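1. okay, predicted coordinates and the sequence, questions at the end:
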Amino acid sequence: MDAELLSSEFMQRFERNPLIVRAPGRVNLIGEHTDYNLGFVMPGAINRAIYFAIAANQREEVRLVAYDEQQDTLTVPLSSIVTSDKHWANYLLGIIDLFQKRGARIKGFDCVFGGDIPLGAGLSSSAALCCGLAFALNHIFDCGLDRLTLAKIGQEAEHSYAGVRTGLMDQFASLFGQSGQVIRLDCRSLDYSYVPFDTHSCHIVLCNSGVKHSLASSEYNTRRQECEQGVKILQQYFSGIGSLRDVTLAQLEAHADELGLIVYKRCRYVVEENQRVEAAAQALNEGDLLAVGQLMYASHAGLRDEYEVSCRELDVLVEAARPLVGVYGARMMGGGFGGCTINLVAPEHVAAFEKAMREAYQREVHLPLETYHTVLVDGVSLV
Ligand code: GAF
C-alpha cells in the first residue's frame with residue numbers, strides 16, 4: 001500500500017485530485033499504562049502509516065472507502081453522523097462528529113484510506129486513523145486547530161466511538177513524532193522534549209505475536225478503574241494526590257491492606273514504571289543502552305506480574321530475546337494481551353535476531369512470527 005496507489009484509486013472513483021495525508025503508527029520505548037495515570041511515556045512515530053487520499057466534494061455527505069477492507073464503502077449524510085456496523089468506519093465517524101460538535105465548519109468530502117500498520121498489533125492503527133482524518137479535515141476546511149487539539153479529538157473518538165478509555169500517548173506520538181527521536185512526554189503538563197535515538201548503535205525491532213486476546217478493551221478499562229480506585233483511597237490520607245503520578249511507594253506500602261492486593265499491585269506497577277521512564281530518558285541521553293534495556297525487562301516483568309496485561313505469547317517472545325547476542329532489552333508494548341514486543345538490537349545482530357526469534361516462536365507457540373524493523377519518523381504530515 002502506498003500513497004500513489006490510493007491517489008489513483010481516488011482519481012478513478014471521484015475524478016479529481018486528492019490531498020494526501022500520512023498518519024504514522026507508534027512504538028513506545030517505555031512507560032506503559034502510565035499515560036492515563038498522568039505519568040511519563042516515551043513513544044515515537046514509526047515508518048508504518050495510514051494514508052488518506054481526501055478532498056471536499058461540494059455535497060452534504062461523506063463518502064468513505066476502506067481500501068484494505070476490500071474497498072468497502074460507506075456514504076453518510078453530514079447531518080446524521082451515527083455509529084456504523086462497519087467497525088473501520090466508527091473511528092472516522094467519531095472524528096467527523098467531534099469536529100461538528102466543536103462547531104468546526106466542515107463540509108462534505110470523499111476519502112480513500114489504507115496503509116501498512118498491522119491491525120491489532122499494538123502499533124496504534126486506530127490513533128493513526130483518527131489523527132490522520134482530523135489533520136486532513138483541519139487542513140481542507142481551514143479549522144485552525146493545533147496539533148494538541150487534534151490529538152485530544154483523536155483520544156475523545158476512542159473514548160466515545162470505540163469505548164476504550166485510552167490515554168493520550170498514541171495520538172500524541174502520531175502527531176508530534178520526529179525523525180530519529182523518541183518523545184519524552186509528561187502526560188499531566190503535556191510538556192515534552194525529544195530524546196535522540198541513535199540508530200547507528202541500536203535498532204528497534206518489533207516481534208508481532210499475531211495474537212489479540214478478546215479481553216483487551218474490557219481489561220484496559222478495568223485497569224484504569226483500579227488505578228482510579230487506588231487514588232481515591234490514598235486521597236483520604238494524603239493531600240495533593242491528583243493521580244498515581246503523585247504517589248510514592250512508601251504511601252502505597254502504608255495503605256497496602258486497605259488497597260487490597262489487586263489495586264495495590266496495579267498502583268505499585270504504575271509508580272515504578274514512572275520511575276523507569278525517568279531513568280530510561282537519562283540513560284538514553286547518556287547513550288547507556290544496556291541500562292535502557294534492563295529497564296525494559298523490568299517494565300515487562302511489572303506488566304506481566306503486577307499489572308497483569310501480558311500473555312503467554314508475549315512472555316515467550318521476551319524470554320526468547322533475552323539470551324540472544326546483541327539484544328539490549330525487550331518488553332511487551334502497548335495495551336497488552338497480544339500485539340508486539342519491542343526489542344532493542346545492535347544493528348549487526350538484527351538478521352540473526354530475527355531468525356532466532358522466528359524459530360523460537362514456531363517451536364514454542366507453533367505460530368509464524370512477523371518482525372518489523374522500525375525507524376522513527378516525523379508525525380502526521382501532508383505527502
Ligand atoms: C493503548 C492506549 F491507547 C494508550 O493510551 C496507552 O494507555 C497504552 O495502551 C498503554 O500504555 O495503546
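-> Right, received. Where do you want to start?

2. quick check: nearest residue in space to Lys152, chain neighbours excluded?
-> Ranked by CB to CB, 6 or more residues apart in numbering and with sequence neighbours excluded, the top spatial neighbour of Lys152 is Leu168, at 6.9 Å. C-betas here are computed from N, CA, C, even on glycine.

3. touching, the one you found and Cys187? I think so.
-> Yes. Contact status for Leu168 versus Cys187: in contact at 6.2 Å, counting by CB atoms under 8 Å.

4. which neighbours do the two share?
-> Common neighbours of Leu168 and Cys187 (criterion: CB atoms under 8 Å, 6 or more residues apart in numbering): Asp35.

5. quick one: the closest residue to the ligand within the stretch 1-150 of the chain from Ala280, how far?
-> Of all residues in the stretch 1-150 of the chain, Glu32 sits closest to the ligand, at 3.9 Å by CB to the nearest ligand atom. Glu32 sits 12 Å away from Ala280, going by CB to CB, to the nearest Å.

6. below-threshold pLDDT in the chain: ranges please.
-> Applying pLDDT under 70 to the chain picks out residues 1, 215.

7. could you redo the last one with a cut-off of 80?
-> Scanning the chain for pLDDT under 80 picks out 1-2, 213-216.

8. got the residues of the stretch 101-250 of the chain near the ligand?
-> Residues of the stretch 101-250 of the chain lying close to the ligand by CB under 6 Å from any ligand atom are 124, 166-167, 169-170.

9. of those residues, closest to Tyr372?
-> Ser124 (13.4 Å; CB to CB).

10. based on its surroundings, how many neighbours for the closest one?
-> By other CB atoms under 10 Å, 32 other residues sit near Ser124.

11. show me what contacts it?
-> By CB under 8 Å, 6+ apart, the contact set of Ser124 is 25-26, 117, 170, 173-174, 334.

12. now the closest residue to it other than its chain neighbours: how far from Gly293?
-> Using CB to CB, 6+ apart and skipping the chain neighbours, the partner closest in space to Ser124 is Asp170 (4.0 Å). Using CB to CB, we find Asp170 at a distance of 23 Å from Gly293.

13. of those two, give the one with the bigger neighbour count.
-> Between Asp170 and Gly293, counting by other CB under 10 Å, Asp170 is the more crowded of the two (30 against 23).

14. tell me which element that one is part of?
-> Using DSSP states H and E, Asp170 sits within helix 169-176.

15. try Tyr372
-> Using DSSP H and E, Tyr372 falls within strand 370-374.

16. run me through the strand neighbours of that strand, direction for each.
-> Strand 370-374 pairs in its sheet with strand 203-212 (antiparallel), by DSSP bridges.

17. helix or strand right after the partner strand?
-> Reading on from strand 203-212 to the C-terminus, the next helix or strand found by DSSP H and E is helix 216-235.

18. now do the buried residues in that following helix.
-> By 16 or more other CB atoms under 10 Å, the buried positions in helix 216-235 come out as 216, 219-220, 223-224, 226-227, 229-231, 233-234.

19. contact partners of the helix or strand following it?
-> As assigned by DSSP H and E, the chain's next helix or strand after helix 216-235 is helix 249-254. Identification of contacts with helix 249-254 by CB under 8 Å, 6+ apart yields 230, 234, 237-238, 241, 259, 264, 267-268, 271-272.
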